[in-house]
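A.B. asks: I'll drop the sequence and a predicted model, then ask my questions.
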2 protein chains.
Amino acid sequence: MLRCAIPVTQGTSEPADVAWETVVTIANSSTEERQDSAGSAAQRDRRKRILDATYELAKEGGFDAVQMRAVAEQADVALGTLYRYFPSKIHLLVSALDREFEDAQDKLKVREIPGDTPGDRVLYVLKRLTRGMQGDPKLTEALTRAFMFADASVANEIHAVGMSMTSIVTHAMHGTAADSEAITDDDVVLARVIGDVWLSALMAWVTGRSTAPETAQHMETAVRLILR
Amino acid sequence: MLRCAIPVTQGTSEPADVAWETVVTIANSSTEERQDSAGSAAQRDRRKRILDATYELAKEGGFDAVQMRAVAEQADVALGTLYRYFPSKIHLLVSALDREFEDAQDKLKVREIPGDTPGDRVLYVLKRLTRGMQGDPKLTEALTRAFMFADASVANEIHAVGMSMTSIVTHAMHGTAADSEAITDDDVVLARVIGDVWLSALMAWVTGRSTAPETAQHMETAVRLILR
DNA sequence: CCCATAATAGGAACACGTTCTACGTCTGGA
DNA sequence: TCCAGACGTAGAACGTGTTCCTATTATGGG
């Protein structure tokens, strides 16, 4: 159904079977020129323009407004080029989500996270992220729904997002900004469960099944429960 | 975007703001002629034929194979009629998922659930459900992805599925087959968190990010953690 | 500098979800 | 019984994701 022969800088190209434990190590490989280092300057620029256009359109009009022809036009590339860089609309949006998460991760890594217990710190971070996403409902709707809709062909990109998410949570659990912390496998397990809950809560909010306060409440309860 | 003026038997037509607590009461309203009681016999029959066709196509070829023209043809109704009953492909698939869940719920309600602790019983039920779904990968992929992709217009159907899921878990927590059990708000909270994890695990499996054993393991860990 | 090759532009073509139109058919109340 | 209006059929038409084709332009090795 998809040909998936992307010859160019693909945001994420880890083998699909990376174990979740690698989250820790990979997350600690610091910020330095991440994946998008490959390819010529022009290619990196095109990739950036495309993701920027995606971001703008999603922010304005949500999932439906991110139309491939519109993205191509706004990024000033041909439709075929867009598809060369991102083999489907879902790949495109999940890659955009990935970029957002990397950014968030970088910002969170800079300073100490406030809070006395792991639960406090995790909730601080999650609520901050959630508030940020709820401030851009259309954008969040677009990125979340793409993430949810993704099928197996997007496994790599989704995996990258999952890694970022887990890394953010484990980092919050420990609180310190230091890199090579002693993050145990148990921590990763806890972080994954918290990530699961967060995703579901986000989905409930996106689909209008729960309000923002309800979402926050549900997350609070769940995190307290899991990190008790 | 969607006109959503379904004049006929809609599987789920609760107001969208039913609180999650109603899960308990509604779940206890026993099996007797559920929603699909409205409408003429011919209408009920058409609705059933459509859902059957959806089920078959999904089972054979997954989400992509559930094409509206194909469903209409196999159900022996006109395309317009299909859209009269289900205003979109997503509504259709989520309704099919709902029917599956109702069936599962009915089956589980019949007999006592084995296991000494709530954790054991919940895991028994979840693993049973999961194994069932993994036995029909295409079907599961179709239903799960539709559920995930749904937007606000499908809130009612999604809500119904969430209620079934929560009801199944709370029922398993208590173990007894009795109906009006003393299910507390806390139980519902626990059940929701477990449901969240289950959904995420299912999604990871559907997208090929985790294998069946990994999925089972993750669920086991999470449930032990939550019901410890 | 020149050529082979890859990358891009531009846009037609196709597939499938969705909507719309025109017409036949069933049903329930006067 | 008969009629009005809802329901159903058949299929055209439209929008958007995706694929494909051809000509043009960069790029990098000799």
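C.D. replies: Thanks, I have it. Quick caveat, the model's predicted, so the values are computed rather than measured.
A.B. asks: do you know the pLDDT at A:Lys107?
C.D. replies: Looking at A:Lys107, its pLDDT is 89.
A.B. asks: show me the contacts for it.
C.D. replies: Listed by C-beta atoms under 8 Å, 6 or more residues apart in numbering or on different chains, A:Lys107 has no contact partners. All C-beta atoms are positioned from the backbone trio N, CA, C, and that covers glycine.
A.B. asks: which helix or strand contains it?
C.D. replies: helix A:89-110 (DSSP states H and E).
A.B. asks: buried stuff in that helix?
C.D. replies: Across helix A:89-110, burial judged by 16 or more other C-beta atoms under 10 Å in any protein chain shown covers A:89-102, A:104-105, A:108-109.
A.B. asks: what does stretch A:65-77 give?
C.D. replies: A:Val66, A:Val71, A:Ala72, A:Ala75, A:Val77.
A.B. asks: that one and DNA strand C in contact?
C.D. replies: Yes - for stretch A:65-77, a contact with DNA strand C is found by C-beta under 7 Å from any atom of the strand, at A:Asp76, A:Val77.
A.B. asks: rewinding a little: who's in contact with the helix or strand following the helix holding A:Lys107?
C.D. replies: Heading C-terminal from helix A:89-110, the first helix or strand you meet, by DSSP H and E, is helix A:118-134. The contact list for helix A:118-134 (C-beta under 8 Å, 6+ apart) reads A:104, A:108, A:113-115, A:139-140, A:168-169, A:171-175, A:194, A:198, A:201-202, A:205, A:212, A:215-216, A:219-220, A:223-224, A:227-228.
A.B. asks: list the buried residues of the helix or strand that helix A:118-134 is followed by.
C.D. replies: Using DSSP H and E, the helix or strand that directly follows helix A:118-134 along the chain is helix A:137-149. Using 16+ other C-beta under 10 Å as the test for burial, helix A:137-149 gives A:Lys138, A:Leu139, A:Thr140, A:Glu141, A:Ala142, A:Leu143, A:Thr144, A:Arg145, A:Ala146, A:Phe147, A:Met148, A:Phe149.
A.B. asks: quick check: residues of chain A near DNA strand C?
C.D. replies: A:7-8, A:42-43, A:46, A:76-81, A:84-85.
A.B. asks: only whichever of the residues you listed are buried, select them in PyMOL.
C.D. replies: A single PyMOL command suffices to select whichever of the residues of chain A next to DNA strand C are buried according to 16+ other C-beta under 10 Å:
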select buried, chain A and resi 46+77+84+85
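A.B. asks: hmm, back to that, mind putting the buried residues of stretch A:65-77 in CSV, pLDDT, secondary structure and distance to A:Asp185 included?
C.D. replies: What follows is these, written out as CSV (pLDDT from 0 to 100; DSSP: H, G, I helix; E, B strand; the rest coil; distance: C-beta to C-beta, whole Å):
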residue, pLDDT, secondary structure, distance to A:Asp185
A:Val66, 98, coil, 38
A:Val71, 98, helix, 40
A:Ala72, 98, helix, 44
A:Ala75, 98, helix, 41
A:Val77, 98, coil, 43
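A.B. asks: quick one: low-confidence parts of chain A?
C.D. replies: A:1-37, A:177-181 (pLDDT under 70).
A.B. asks: can you give me the helices for it?
C.D. replies: A:22-27, A:41-65, A:68-75, A:79-85, A:89-110, A:118-134, A:137-149, A:155-174, A:185-206, A:212-226 (DSSP state H).
A.B. asks: so which elements touch the third one?
C.D. replies: When you say that, I think you mean helix A:68-75. helix A:41-65, helix A:79-85, helix A:89-110 (3 or more C-beta pairs under 8 Å, 6 or more residues apart in numbering or on different chains; DSSP states H and E).
A.B. asks: a markdown table for those helices, including distance to B:Val161?
C.D. replies: Compiled in a markdown table, the helices and strands packed on helix A:68-75 are given as follows (distance: least, C-beta to C-beta, whole Å):
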| stretch | distance to B:Val161 |
| --- | --- |
| helix A:41-65 | 21 |
| helix A:79-85 | 34 |
| helix A:89-110 | 23 |
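A.B. asks: is stretch A:196-207 in proximity to chain B?
C.D. replies: Yes - looking at stretch A:196-207 against chain B by C-beta under 8 Å from any C-beta of the partner chain, the contacts come from A:Asp196, A:Val197, A:Leu199, A:Ser200, A:Ala201, A:Met203, A:Val206, A:Thr207.
A.B. asks: of the residues you listed, closest to DNA strand C?
C.D. replies: Using C-beta to the nearest atom of the strand, A:Thr207 comes nearest to DNA strand C of the residues of stretch A:196-207 next to chain B, at 15.1 Å.
A.B. asks: I figured the closest one was touching B:Asn156, is that so?
C.D. replies: No - between A:Thr207 and B:Asn156 there is no contact under C-beta atoms under 8 Å: 10.5 Å.
A.B. asks: more neighbours, these two?
C.D. replies: Taking neighbours as other C-beta atoms under 10 Å in any protein chain shown, A:Thr207 and B:Asn156 compare with A:Thr207 leading, 24 against 20.
A.B. asks: for the more buried one, give me its contacts.
C.D. replies: Neighbour list for A:Thr207: B:Ala150, B:Asp151, B:Ala152, B:Val154, B:Ala155, B:Ile158 [criterion: C-beta under 8 Å, 6+ apart].
A.B. asks: what residues does chain A have near chain B?
C.D. replies: A:1, A:16, A:63-64, A:141, A:145, A:148-152, A:154-155, A:158-159, A:162, A:189-190, A:192-193, A:195-197, A:199-201, A:203, A:206-209, A:218, A:221-222, A:225-226.
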